[in-house]
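Undergrad: Everything below, folded, please.
(2 chains)
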Number of protein chains: 2
Amino acid sequence: MIHMKMIALWKLVLSLTLTGSIHCGKVLVFPHDGSHWVNMNILIQELHNRGHNITVIRASDSWYIKEQSPYYHSITIDFSLGGDEAFFATFVSRQLQIRREGSSLWTRFSLDMELKNRFSAVHRNISEMVIHIIEDPKLIGSIREAEYDVMLTDPVNGGGVVLAHYLRLPLICNARWTVHGEAHFAIAPSPLSYVPLPLSMLTDQMTFFQRVYNMLYYYLRLYLYKSIVGPHYSALCNRYFGPDVDYFELFQAADFWLMRVNFVFEFPRPTMPNVAYMGCFQCRPAKALPDDFEDFMKSSGEHGVVLVSLGTLVGQLPDTIADEMAAALSKLPQKVIWRYSGKKPSTLGNNTILRDWLPQNDLLGHPKTKVFVSHGGTNGILEAIYHGTPIVGLPVVFDQHDNLARMKYKGVAQVIDIATLNENEFHKALQEVINKPSYSLNMNRLSRLLRDTPVEPLDNAMFWIEFVMRHRGAPHLRTESYKMPWACRKRREKQD
Amino acid sequence: MIHMKMIALWKLVLSLTLTGSIHCGKVLVFPHDGSHWVNMNILIQELHNRGHNITVIRASDSWYIKEQSPYYHSITIDFSLGGDEAFFATFVSRQLQIRREGSSLWTRFSLDMELKNRFSAVHRNISEMVIHIIEDPKLIGSIREAEYDVMLTDPVNGGGVVLAHYLRLPLICNARWTVHGEAHFAIAPSPLSYVPLPLSMLTDQMTFFQRVYNMLYYYLRLYLYKSIVGPHYSALCNRYFGPDVDYFELFQAADFWLMRVNFVFEFPRPTMPNVAYMGCFQCRPAKALPDDFEDFMKSSGEHGVVLVSLGTLVGQLPDTIADEMAAALSKLPQKVIWRYSGKKPSTLGNNTILRDWLPQNDLLGHPKTKVFVSHGGTNGILEAIYHGTPIVGLPVVFDQHDNLARMKYKGVAQVIDIATLNENEFHKALQEVINKPSYSLNMNRLSRLLRDTPVEPLDNAMFWIEFVMRHRGAPHLRTESYKMPWACRKRREKQD
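TA: Here you go, the predicted structure:
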């Protein structure tokens, strides 16, 4: 206990002393809209608290990124990126419906293609927005004149990466994904023999055939990304930098990477010196709950509470799934708090309350919380690990299946296919995770590992952003490998 | 300035608060004698200061490692490792003489073979000492009963690695080298296309033919190590663990690596999550000099002082080399402090004083010091970078040529072949480094980068040693790749 208190004390001191330690820097941010913005906004708020000036580039129809903020100035580009919100809101429930009905391969493939076309359109629009910025002489002139110290971007789109190169600004990526996949794969050697491809549902211990699958899957994914997303940004590079600048090399030329994972969540793998792992940088000790929540938690007695939240994308579940879930939850001796905004399930039990919004972190950290029913978003998983709360996972889309497969592998989660979920199966999984001590013990072990760091992840992220500003880059940490001569040696030398 | 002071303040607070934060651990140390011990002893002293109990295993005829120490208990093994001191003292001067005389390839090869046989004997003796320990029931019983929390070893020999496996202790390597080469190569993927092999004198920017050379050199080195050194320890593994335990895999199974380099010195390269870079962990701000040294420094006026130290191995230079050096130094307007214990050179100038011993760190950090004439040991180079003092390098043996080639590449050193050194050449190099501002400017830039870390290297090393003790290992940071099934899948599974 003394140890934990001392660690907490020096982390506080570290945080306080770092606050005043850096000159006031000018940070240009090219974010990605949607849930990614939530992560970027945490960095922006902390940079603001440390006295830096932040300017955020946003489209006029931006979904999450507000024009006005106490934390940043914004440059609003008179450009429509097209509303993804409506598409994704329906996409998730359509996909669940298709999976539930066991629809034909063709139907599934069609929906996947629709998603891919949608992604392609998103990136085409972003690259057109970049053209809009660069070819507005007044706008680009004012950006140049502002003399920013660094570009901070989310490389899930390539706009900030290209713009940083155009403006010759040091580049920091706040990353888990890049347009061509998981960020690690763009920058560090990732031997496919023991580094499972993201979304592959594999671990770092693979059989021979799993390793072959991992390799084939890698090339498929590379092909898809390079054919669907890459061309938009490659055209952008060609337009402004000529044929000698390879778009994908711009990622490798980034000065620093702030990775939103850590090695409690990630399998051990090679990494590069210009990477800091800041997974759980948003995690915080639980604050006191609002009175109504606290009263509800207390009323649960010795059985405790089940917390259900399936993220922002699942606004409304198909009725049948919600009914099965509610029925299973109603059979538990626990009380249940469910983040849910759809039609009230007909089978809802007396032990369950529905809410549009939850203080999720504070609930996860509450001693009465026994299990977290989650869709498996990275942030939610890391928060559950932080608070030592085991998981029943109901993955819906994207990386959620893979994220939860890892948690299952580590013995801290049961995972159920939400599309085919039935009352009994869900009830059984809940009972197992609540009543079998190993889930809780394993999760507490992960929690201890996650919290035991020499520097808090958010402080570490701030240190490296300020490092790059102080030194105008971090060339001594960045590999030169991407400039390696091969067939095109002469071209590269010319460029350098 | 405010920034630097605040950083210094929080580093101090960090160090003080960490001191009291960990339970009293029991650390078993299997060190390597000679200059390597100097590094290990710094960790031991700091561990002692933080309240841990340290026990050091040493041979009865140990060269540097004393039986009595205020910082550790020792277990003295009644075993003679054989005196390397005498061999190495003459080896260096013999090698210089041979290089100076342009001796035949055969003579050079013979000396190299003598060195390799010597190395082979050193490792055979160490592995025999391990047998001596394990097969003394009383001794090994008392070691088991002591219930150590961790084994800390220098993997330049394999004794500690094998003993840790035998005792089933978590293993931490304090490393730059392993018995099979630079430690990185044992644990992280090191693409030979942009990771120059240590001793290769290459950088991370290689032409095609340099890359081919790098690859061939790698296989040659691997073959030499595996044929000269490896068999002794492999036999040891076979004796105690049977044919299923591969000696080289024991390195990959280490829980944590404390690397005595950093990326100001090292070229950026892939690394693994269970590595902390603690290069310059011995670096300290300069303390006040003894009066006689301070008076001498002051007397140098505006020209300043040249500091000459060729390390512990060069006790006595061949007369002709010392004479050429002294003559060149005598022509400088600077004053000169020379660590030198041989016969006084006939050409010694009035501006030069000779000393058996120097407060090297305090002299390097003195504002009057203009240049460091160094043999290129890693620690000396890192201290020169820390204090921003440019270098004239006179590499003698081992990694010194390669270390100094890196400094030359970074524009902070001139390098001269000490074997063929003549007065004019040495004088010209000294003048260039002293008078051309770029050397000093570049070195100050490296110094700023080196000092700008979120945690002091020694504090970071302590954090990770204590982390491994707290969690009885660091399995979530260690790759599973070395257990990967291939032809011998069944064997591995049996072992696990």
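Undergrad: which ones are touching the residue nearest to residue A:431 when sequence neighbours are not counted?
TA: Closest residue to residue A:431 apart from its sequence neighbours, by CB to CB, 6 or more residues apart in numbering or on different chains: residue A:332 at 7.6 Å. C-beta coordinates here come from the backbone N, C-alpha and C atoms, glycine included. With contacts defined as CB atoms under 8 Å, 6 or more residues apart in numbering or on different chains, residue A:332 is in contact with A:303, A:306, A:351, A:427, A:430, A:431, A:434.
Undergrad: what secondary structure does residue A:332 sit in?
TA: What DSSP: H, G, I helix; E, B strand; the rest coil gives for residue A:332 is coil.
Undergrad: any idea how far it lies from residue A:427?
TA: Distance, residue A:332 to residue A:427, using CB to CB, to the nearest Å: 7 Å.
Undergrad: check contacts around residue A:347.
TA: Residue A:347 sits in contact with A:323, A:324, A:326, A:327, A:330, where contact means CB under 8 Å, 6+ apart.
Undergrad: what sits in contact with each of residue A:332 and residue A:427?
TA: Common neighbours of residue A:332 and residue A:427 (CB under 8 Å, 6+ apart) do not exist.
Undergrad: What is the nearest of the contacts of residue A:332 to residue A:456?
TA: Of all the contacts of residue A:332, residue A:456 sits closest to residue A:306, with 29.9 Å by CB to CB.
Undergrad: What's the local residue count around the closest one?
TA: 24 (other CB atoms under 10 Å in any protein chain shown).
Undergrad: Just the CA atoms of the host helix or strand of it, as PDB, please.
TA: Take DSSP states H and E as the rule and residue A:306 turns out to sit in strand A:305-309. Taking C-alpha atoms only, strand A:305-309 is exported to PDB below (Å, rounded to 0.1, in the frame of the first residue of the first chain):
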ATOM      1  CA  VAL A 305     -24.200  -4.500 -10.300                       C
ATOM      2  CA  VAL A 306     -23.800  -5.500 -13.900                       C
ATOM      3  CA  LEU A 307     -22.800  -2.600 -16.200                       C
ATOM      4  CA  VAL A 308     -24.000  -2.800 -19.800                       C
ATOM      5  CA  SER A 309     -22.700  -0.400 -22.500                       C
END
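Undergrad: roughly how far is that strand from the heart of the chain?
TA: 21 Å (CA atoms, centre = their mean, to the nearest Å).
Undergrad: which parts of it are buried?
TA: Using 16 or more other CB atoms under 10 Å in any protein chain shown as the test for burial, strand A:305-309 gives A:305, A:306, A:307, A:308, A:309.
Undergrad: hang on, the earlier thing: so which of the contacts of residue A:347 belong to helices?
TA: A:323, A:324, A:326, A:327, A:330 (DSSP state H).
Undergrad: Residue B:339: which of the contacts of residue A:332 is nearest?
TA: Looking across those and measuring by CB to CB, the closest to residue B:339 is residue A:434, at 69.5 Å.
Undergrad: The strand holding residue A:306 packs against which elements?
TA: Counting contacts by 3 or more CB pairs under 8 Å, 6 or more residues apart in numbering or on different chains; DSSP states H and E, strand A:305-309 packs against helix A:319-330, strand A:335-339, helix A:360-364, strand A:369-374.
Undergrad: just how off-centre is the first one within its chain?
TA: Same thing as helix A:319-330. On CA atoms, centre = their mean, the centre of helix A:319-330 falls 28 Å from that of its chain.
Undergrad: Now do it and strand A:305-309, the angle between them.
TA: 160 degrees (axes from the mean of the first three to the mean of the last three CA atoms, to 10 degrees).
Undergrad: Tabulate the CA atom coordinates of helix A:319-330 in CSV.
TA: Extracted C-alpha coordinates of helix A:319-330, given in CSV (Å, rounded to 0.1, in the frame of the first residue of the first chain):
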residue,chain,number,x,y,z
ASP,A,319,-35.8,-5.7,-30.9
THR,A,320,-35.2,-9.5,-30.7
ILE,A,321,-31.6,-9.1,-29.5
ALA,A,322,-32.6,-6.5,-26.9
ASP,A,323,-35.4,-8.7,-25.7
GLU,A,324,-33.1,-11.7,-25.3
MET,A,325,-30.5,-9.6,-23.4
ALA,A,326,-33.1,-8.1,-21.1
ALA,A,327,-34.5,-11.5,-20.3
ALA,A,328,-31.1,-12.9,-19.3
LEU,A,329,-30.3,-9.8,-17.3
SER,A,330,-33.7,-10.0,-15.5
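Undergrad: what's next to that helix, contact-wise?
TA: A:96, A:100, A:306, A:308, A:317, A:336, A:338, A:340, A:342-343, A:345-352, A:418-419, A:421-424, A:426-427, A:430.
Undergrad: please redo it, this time with the cut-off set to 7 Å
TA: Contact with helix A:319-330 is made by A:96, A:100, A:306, A:336, A:342-343, A:345-349, A:351-352, A:418, A:421-423, A:426-427, A:430, as judged by CB atoms under 7 Å, 6 or more residues apart in numbering or on different chains.
Undergrad: out of those residues, which are buried?
TA: A:96, A:100, A:306, A:336, A:345, A:347-348, A:351-352, A:418, A:421, A:423, A:426-427, A:430.
Undergrad: Of these, which one scores lowest on pLDDT?
TA: For the buried ones among the contacts of helix A:319-330, the weakest pLDDT value sits at residue A:100, with 77.
Undergrad: contact partners of stretch A:282-300?
TA: Here stretch A:282-300 makes contact (CB under 7 Å, 6+ apart) with A:42, A:305, A:334-335, A:337, A:353, A:359, A:361-362, A:365-366, A:368, A:379, A:382-383, A:386-387.
Undergrad: coming back round to it: with the ones in helices among the contacts of residue A:347 in mind, which one is nearest to chain B?
TA: Nearest to chain B among those: residue A:324, at 35.4 Å, using CB to the nearest CB.
Undergrad: Chain neighbours aside, what residue packs nearest to the closest one?
TA: For residue A:324, the spatially nearest residue (CB to CB, 6+ apart) is residue A:423, at 4.8 Å.
Undergrad: Check residue A:270 too.
TA: In space, residue A:270 is closest to residue B:270, 4.2 Å off (CB to CB, 6+ apart).
Undergrad: number of nearby residues for the one you found?
TA: 24.
Undergrad: ok, now residue A:141?
TA: 10.
Undergrad: how would you label it: helix, strand or coil?
TA: Residue A:141 falls in the helix class when you classify it by three-state DSSP.
Undergrad: Also residue A:66?
TA: Quick answer, by three-state DSSP: residue A:66 is coil.
Undergrad: so what strands line up beside the strand holding residue A:306?
TA: Paired strands of strand A:305-309, with direction, are strand A:335-339 (parallel), strand A:369-374 (parallel) (DSSP bridges).
Undergrad: winner for burial among the helices and strands packed on strand A:305-309?
TA: For the helices and strands packed on strand A:305-309, the largest average neighbour count (mean count of other CB atoms under 10 Å in any protein chain shown) is found in strand A:369-374, namely a mean of 26.
Undergrad: got the contact list for that one?
TA: A:304-309, A:334, A:363-364, A:380-381, A:384, A:389-394, A:430, A:433-434.
Undergrad: how far out from the middle of the chain is that strand?
TA: On CA atoms, centre = their mean, the centre of strand A:369-374 falls 20 Å from the chain's centre.
Undergrad: cool, and stretch A:441-451?
TA: For stretch A:441-451, the distance to the chain centre is 21 Å (CA atoms, centre = their mean).
Undergrad: This completes my enquiry, with thanks.
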